[in-house]
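Q: got a sequence here, can you model it:
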Amino acid sequence: MADSSIGAGAQGALRSLALALNTFLHHVHGFEGLRDAPAGFSTAKFRATVGELAKAIDKEVTYMIVACKPPAREEDVEGLCPKINAGFFRLVQEVNRIPSAAGHEYLAAVRSAVCRSLAAAVSLLNSFIADKVEIEKALMAELNYMSIAGVFWEHCKTLSQIPADNRAAAAAAWSVSVGNLVNDAADELHESLDSAGADDADDDDDDDDSGEDSMDEFDGEIPAARVKEGRQIEKLVLAAKRICDRVGQRCIRDCKQLDDERTVWLDRLVELGKAVQAAVDDLIATLFMDDEDEWSRHAGIESEKLRRALVELITLAVTFVDDAHLAWFEQSRAELSASRDAGPAVVR
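A: Got it, this is the predicted structure:
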């Protein structure tokens with residue numbers, strides 16, 4: 001069901017993007033390769049370029065998902081849609097350079113991977129809009145045939161991988177839904193801040209490159225003027241990363257006794273960890289907001305939300321954590337509380 005909090009303007013932008021991606025999907029699905037190989041084409045270069053594009057597309061789509069979360073940030077949604085469109089357009093341009101001489105199976109594998117990505121993107125966009133974009137049934141049936149079989153095989157595999165107990169289940173859930181995501185967010189924020197000034201300086205050098213589309217134009221960057229504030233935000237995100245790592249290791253992994261109270265404790269830790277992860281995403285997203293007057297205010301709001309989420313997580317964590325780690329958690333909680341008036345805390 002479409003999110004009713006997304007207004008008509010943002011819905012229109014999302015639907016226009018879905019229509020464009022559906023057009024790309026039909027084009028790639030029917031592409032049989034070029035008769036003659038274009039100058040400079042190689043499968044190695046193609047793979048490297050597509051890999052970079054995939055990272056850039058993934059980042060922009062992640063920002064869009066965050067922006068669509070209620071209450072939706074419609075200006076961000078409308079600004080991200082053209083960037084996502086540009087990224088997929090670049091991807092299709094690269095596919096259009098593959099010669100038939102590259103091999104039937106190679107071309108089929110590329111076509112399948114790109115079509116699945118496009119179909120998944122259209123389906124994701126449809127989840128946010130009322131007026132759905134329908135993918136041709138015959139095409140979807142073809143794409144879904146092996147997917148359905150693959151899903152069945154994966155489900156069979158999971159039967160032999162059922163967790164031994166709630167501790168093991170909580171550890172797996174924490175890794176997938178909290179730890180890995182917070183770590184990735186921290187790493188990507190660091191890279192974005194490092195490149196913000198460099199990308200700004202490179203703009204003048206790229207003015208004469210009219211023959212190449214710049215991936216950076218699509219892969220939205222943090223404005224150079226926000227780098228100083230961004231470094232303060234990064235400190236808070238790194239604090240979240242360290243706290244989440246410590247909870248995952250010392251509270252969940254090292255939980256030796258599994259009585260009723262600790263079973264509920266582990267479940268609640270995962271729940272609060274997911275709230276921290278969402279708050280990290282929301283805080284980082286403020287650095288990419290288009291509204292120069294509003295982004296700083298939103299950053300302050302989201303910073304406080306992340307602090308509260310971390311303090312709540314720590315408060316629960318110390319309930320059953322081993323005494324050897326209690327002092328670290330208490331110090332972290334005190335530093336977070338003290339940082340409210342002085343900017344993001346650095347948790348040691």
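Q: how far out from the middle of the chain is stretch 48-58?
A: 13 Å (C-alpha atoms, centre = their mean, to the nearest Å).
Q: again with stretch 97-114
A: The chain centroid and the centroid of stretch 97-114 are separated by 28 Å under C-alpha atoms, centre = their mean.
Q: going by neighbour count, which residues of that stretch are buried?
A: Under the neighbour-count criterion of 16 or more other C-beta atoms under 10 Å, stretch 97-114 has 97-98, 102, 107, 110-111, 114 buried. In this view, the C-beta of every residue, glycine as well, is placed from N, C-alpha and C.
Q: how about residue 35, phi and psi?
A: Backbone torsions for residue 35, taken as degrees, to the nearest 10, come to phi -70, psi -40.
Q: then residue 85?
A: Dihedral pair for residue 85: phi -60, psi -50, per degrees, to the nearest 10.
Q: try residue 42
A: Main-chain dihedrals, residue 42, degrees, to the nearest 10: phi -150, psi 150.
Q: how much space between it and residue 102?
A: Residue 42 sits at a distance of 9 Å from residue 102 (criterion: C-beta to C-beta, to the nearest Å).
Q: residue 135 now?
A: Per C-beta to C-beta, residue 135 is found 27 Å from residue 102.
Q: repeat that for residue 32.
A: Counting by C-beta to C-beta, the gap from residue 32 to residue 102 is 11 Å.
Q: check residue 177 too.
A: Remark: distance between residue 177 and residue 102 (C-beta to C-beta) = 39 Å.
Q: and residue 249, by the same measure?
A: From residue 249 to residue 102 the distance is 46 Å (C-beta to C-beta).
Q: same check, this time on residue 335
A: Remark: distance between residue 335 and residue 102 (C-beta to C-beta) = 56 Å.
Q: now the element after the worst-scoring helix or strand of the chain on mean pLDDT, going C-ward?
A: Of all helical and strand segments in the chain, the minimum by mean pLDDT, DSSP states H and E falls on helix 215-218, at a mean of 40. Counting by DSSP states H and E, the next helix or strand C-terminal to helix 215-218 is helix 227-246.
Q: what residues sit buried inside that next one?
A: By neighbour count on 16+ other C-beta under 10 Å, the buried set for helix 227-246 is 227, 229-230, 232-234, 236-244, 246.
Q: show me what that helix is packed up against.
A: helix 180-205, helix 260-286, helix 295-317, helix 323-338 (3 or more C-beta pairs under 8 Å, 6 or more residues apart in numbering; DSSP states H and E).
Q: what does stretch 20-33 rub up against?
A: By C-beta atoms under 8 Å, 6 or more residues apart in numbering, the residues outside stretch 20-33 that reach it are 85, 88-89, 91-92, 95-96, 98-102, 107, 111, 114-115, 118-119, 121-122, 125, 133, 135-136, 139.
Q: so which of those belong to helices?
A: Taking DSSP state H as the definition of helices, the contacts of stretch 20-33 contribute 85, 88-89, 91-92, 95, 107, 111, 114-115, 118-119, 121-122, 125, 139.
Q: which of these count as buried?
A: The neighbour-count test (16+ other C-beta under 10 Å) marks 85, 88, 91-92, 95, 107, 111, 114-115, 118-119, 121-122, 125, 139 as buried among the ones in helices among the contacts of stretch 20-33.
Q: among those, find the lowest-pLDDT one for me.
A: Comparing pLDDT over those, the lowest score belongs to residue 139 (70).
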